[in-house]
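[1] Just the structure for this:
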Amino acid sequence: MQGRRMSADLEYDPDTGRPIPPVLRPPVPYECSAGATPCGAPARFFACGWRCRDHAPGAQTD
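    This next block holds a predicted model:
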């Protein structure tokens, strides 16, 4: 993404005038995808996505 500016404003295609869709990060199977920067720990699949033991639904925090 070198050369693209970071902004809260939408970027528009100059030819069509339509907003450019955001770049999405595809989920990686068997790796925890919790957080803005994915955890990356070994994980299993839940309804909310791939989660490790620490980020699983109902996980207890100490």
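[2] I'd like to know how far the most centrally placed residue in the chain sits from residue 58.
    Residue closest to the mean C-alpha point of the chain, counted by C-alpha atoms, centre = their mean, is residue 25 at 5.2 Å. Distance from residue 25 to residue 58, counting by C-beta to C-beta, to the nearest Å: 25 Å. In this view, the C-beta of every residue, glycine as well, is placed from N, C-alpha and C.
[3] quick revisit: give me the nearest residue to the residue nearest to the centre of the chain, chain neighbours excluded.
    residue 38 (7.6 Å; C-beta to C-beta, 6 or more residues apart in numbering).
[4] For that neighbour, give its distance to residue 14.
    Residue 38 is 33 Å from residue 14, by C-beta to C-beta.
[5] neighbour count winner among these two?
    residue 38 (16 against 7; other C-beta atoms under 10 Å).
[6] Perfect, I'm done here.
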